[in-house]
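**Student:** with the sequence up front, the predicted model follows.
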Amino acid sequence: MLSPDHAVARVEILPVLGIGELRPGDDLAAVIAEHTTLQDGDVLVVTSKILSKIEGRLIMLDSTDPDEREAARQAAIDAETVRVVARRGELRIVETRHGLVLAAAGVDASNVARDELALLPVDPDASALVLRDSLRELLGIEVGVIISDTMGRAWREGLTDAAIGVAGLTAVTDPRGSVDAYGNTLDVTRVAVADEIAAAADLVKGKLGGIPVAVVRGLAPDGKLPDDGNASRELVRGAADDLFRLGTAEAIALGRAGSGDEVAPELHADAVAVISALPTDDARAGAIRQAFLGFLAARPDAMWRSCAAGHLTASAVVLDPSRAAVLLTLHPRVGRWLQVGGHCEPGDHTLLDAAAREAREESGIGALSFDPTPLTLDVHPITCSLGVPTRHFDVQFLAIAPAGAEPVRSEESTDLRWFGWDDLPADVAPELPALIAAARTRLGL
């Protein structure tokens with residue numbers, strides 16, 4: 001029997017060969033019994049894919065077109081996801097309804113036909129228990145069963161198999177309170193034995209060999225595996241104990257909420273009033289204004305960068321006293337020349353406050369004169385300091401620098417320079433020429 005720290009003298013890991021392709025409705029227990037000899041105390045490790053197949057957890061596509069298959073895979077990930085933990089490009093790390101945190105919600109396009117996708121079993125613990133009970137009926141033996149799936153690990157390269165379903169054995173041992181050879185009491189150590197067994201079994205199953213089942217023998221020399229009856233539940237860390245539960249966007253949003261700046265009625269109301277009052281000279285300008293107002297109506301937190309769906313920003317076209325040059329900053333993250341500006345912050349009571357503060361901070365010019373009516377509105381996708389793809393609903397103002405003003409580059413800028421109207425750099429932001437044209441129109445230039 002496993003000791004409190006789970007160590008045994010010797011184990012064997014045996015592949016179950018010759019199983020072949022299984023399909024919905026096949027009897028997995030009968031197939032395993034036909035292809036291997038089991039003993040009391042063995043642990044059977046079965047890849048989740050084979051359960052997905054026999055339980056009919058397959059999405060059947062009408063074609064093998066790669067684009068159609070990828071679109072179906074993304075839709076399946078959406079359906080299996082209860083919470084997005086992290087995202088980079090097309091890769092999503094999500095929490096499934098099982099409580100598992102996995103890449104792509106466990107939706108798999110490998111080791112299935114090219115017109116199929118595999119979903120995780122509905123209840124891996126139940127699948128493990130059914131298989132264990134069926135083997136007992138067929139063979140009269142008591143085994144443990146682990147359903148395994150491939151997982152990545154935070155801070156570690158490479159993949160490994162882990163247990164997502166367990167029956168007939170204790171998944172996590174708890175030697176806390178035991179004393180080591182030096183007399184130290186173990187205070188925090190708990191061992192995910194089921195995960196260790198799943199990873200060990202993959203040494204003979206592999207990913208390309210077509211071996212979906214392995215037997216791990218020797219964990220219970222007396223033929224009796226310890227079983228606390230908790231199945232795989234002990235392997236899923238609860239939210240209250242998980243220090244790394246939140247993705248980047250969620251962590252930032254929670255931090256904002258804790259600081260009390262998740263809503264700003266005064267600033268939000270000012271934004272609605274200022275944008276509502278803007279004249280609309282054409283249909284496009286009217287549509288953009290309505291987009292801003294609709295977003296503000298839907299999101300009371302729209303003024304803060306913690307609003308991952310998008311948020312309002314305030315920027316300013318700063319002109320020199322002669323009105324012949326514009327001050328541009330080379331943005332390190334965007335890699336283009338832009339007008340100065342940025343996010344709203346606690347203490348900003350109006351959009352003009354935010355634009356003026358950002359313009360002073362980024363230009364180093366303290367005495368700027370502002371036109372209180374924005375020049376224009378612009379919506380653009382961006383990955384800002386939030387760390388995830390989002391949108392900036394930018395409200396753009398006009399400011400004039402005083403005579404003798406000398407700009408000073410801030411730490412938020414790679415470069416800061418005056419440019420003449422006809423001497424703009426090649427790598428300006430796409431929307432900047434139209435914004436400068438609006439400033440010149442406003443000034444009658």
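**Tutor:** Yep, it's here.
**Student:** and the strands in the stretch 201-350 of the chain?
**Tutor:** Under the criterion DSSP state E, counting those that start in this stretch, strands of the stretch 201-350 of the chain are mapped to 213-217, 311-319, 325-330, 337-338, 340-343.
**Student:** the last one: what's the following helix or strand?
**Tutor:** Toward the C-terminal end, the helix or strand that comes next after strand 340-343 (DSSP states H and E) is helix 351-363.
**Student:** report the angle between that following helix and strand 325-330.
**Tutor:** 80 degrees (axes from the mean of the first three to the mean of the last three C-alpha atoms, to 10 degrees).
**Student:** deepest of the strands of the stretch 201-350 of the chain, which one?
**Tutor:** strand 311-319 (a mean of 26; mean count of other C-beta atoms under 10 Å). In this view, the C-beta of every residue, glycine as well, is placed from N, C-alpha and C.
**Student:** what is the neighbour count of residue 415?
**Tutor:** Neighbour count for residue 415, taken as other C-beta atoms under 10 Å: 12.
**Student:** how about low-confidence regions in the stretch 251-400 of the chain?
**Tutor:** Across the stretch 251-400 of the chain, residues meeting the criterion (pLDDT under 70) sit at 251-264, 385-387.
**Student:** just give the strands next to the lengthiest strand in the chain in its sheet, each with its orientation.
**Tutor:** Among the segments of the chain that qualify as a strand by DSSP state E, the longest is strand 369-383. According to DSSP bridges, strand 369-383 forms sheet pairs with strand 389-400 (antiparallel).
**Student:** so which bits of the partner strand are buried?
**Tutor:** Judged by neighbour count (16 or more other C-beta atoms under 10 Å), strand 389-400 contains these buried residues: 390-400.
**Student:** can you pull the contacts of the closest residue to residue 116 other than its chain neighbours?
**Tutor:** Closest residue to residue 116 apart from its sequence neighbours, by C-beta to C-beta, 6 or more residues apart in numbering: residue 58 at 5.2 Å. Residue 58 makes contact with 24, 52, 112, 116-119, according to C-beta atoms under 8 Å, 6 or more residues apart in numbering.
**Student:** mind redoing it with 10 Å?
**Tutor:** 23-24, 52, 112-113, 115-119 (C-beta atoms under 10 Å, 6 or more residues apart in numbering).
**Student:** picking up where we left off before, residues of the longest strand of the chain that come out buried?
**Tutor:** 371, 374-378.
**Student:** could you do stretch 295-311 as well?
**Tutor:** For stretch 295-311, the neighbour count (16+ other C-beta under 10 Å) marks 295-296, 299, 301-308, 310-311 as buried.
**Student:** run a quick neighbour tally on residue 363.
**Tutor:** 24.
**Student:** what about the strands in the stretch 51-200 of the chain?
**Tutor:** So, for the stretch 51-200 of the chain - with DSSP E, counting those that start in this stretch - the strands run 58-60, 81-88, 91-96, 101-103, 116-118, 144-153, 156-167.
**Student:** out of those strands, nearest to residue 442?
**Tutor:** strand 81-88 (39.8 Å; C-beta to C-beta).
**Student:** partner strands of that closest one and their direction?
**Tutor:** When DSSP bridges is applied, strand 81-88 pairs with strand 91-96 (antiparallel).
**Student:** angle of the strand it pairs with against strand 156-167?
**Tutor:** 20 degrees.
**Student:** contacts for strand 91-96?
**Tutor:** By C-beta under 10 Å, 6+ apart, strand 91-96 touches 74, 77-78, 80-87, 100-107, 119-120, 152, 154, 164, 236, 239, 245, 247.
**Student:** so how do I select the buried members of these in ChimeraX?
**Tutor:** Restricted to buried positions by 16+ other C-beta under 10 Å, the ChimeraX selection for the contacts of strand 91-96 reads:
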select :77,80,81,84,85,86,100,101,102,103,104,105,106,107,119,120,164,245,247
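**Student:** if we can go back for a sec, the strands of the stretch 201-350 of the chain: which one's closest to residue 146?
**Tutor:** Of all the strands of the stretch 201-350 of the chain, strand 213-217 comes closest under C-beta to C-beta, at 8.4 Å.
**Student:** how far does the closest one sit from the chain's center?
**Tutor:** 34 Å (C-alpha atoms, centre = their mean, to the nearest Å).
**Student:** next, the angle from it to strand 144-153.
**Tutor:** 110 degrees.
**Student:** returning to that earlier point: mind listing which of the contacts of residue 58 are in helices?
**Tutor:** Taking DSSP state H, the ones among the contacts of residue 58 that sit in helices are residue 52.
**Student:** closest one to residue 175 out of the contacts of residue 58, please.
**Tutor:** Using C-beta to C-beta, the contacts of residue 58 come closest to residue 175 at residue 52, 34.6 Å.
**Student:** gap between that closest one and residue 132?
**Tutor:** For residue 52, the distance to residue 132 (C-beta to C-beta, to the nearest Å) stands at 18 Å.
**Student:** so which of those two has more stuff around it?
**Tutor:** Comparing residue 52 with residue 132 by other C-beta under 10 Å, the one with more neighbours is residue 52, at 27 against 20.
**Student:** re the thing from before, for the longest strand of the chain, output the C-alpha coordinates as PDB.
**Tutor:** Coordinates of each C-alpha in strand 369-383 appear next as PDB, following Å, rounded to 0.1, in the frame of the first residue of the first chain:
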ATOM      1  CA  SER A 369      -4.100  76.400 -24.100                       C
ATOM      2  CA  PHE A 370      -6.900  74.000 -25.000                       C
ATOM      3  CA  ASP A 371     -10.000  74.300 -27.200                       C
ATOM      4  CA  PRO A 372     -12.700  72.700 -24.900                       C
ATOM      5  CA  THR A 373     -14.600  71.200 -27.900                       C
ATOM      6  CA  PRO A 374     -12.900  68.000 -29.200                       C
ATOM      7  CA  LEU A 375     -11.600  67.900 -32.700                       C
ATOM      8  CA  THR A 376     -12.800  64.400 -33.500                       C
ATOM      9  CA  LEU A 377     -13.400  60.900 -32.300                       C
ATOM     10  CA  ASP A 378     -11.500  57.800 -33.200                       C
ATOM     11  CA  VAL A 379     -11.800  54.100 -32.400                       C
ATOM     12  CA  HIS A 380      -8.800  51.800 -33.000                       C
ATOM     13  CA  PRO A 381      -7.700  48.300 -31.900                       C
ATOM     14  CA  ILE A 382      -4.600  48.200 -29.700                       C
ATOM     15  CA  THR A 383      -2.800  46.200 -27.100                       C
END
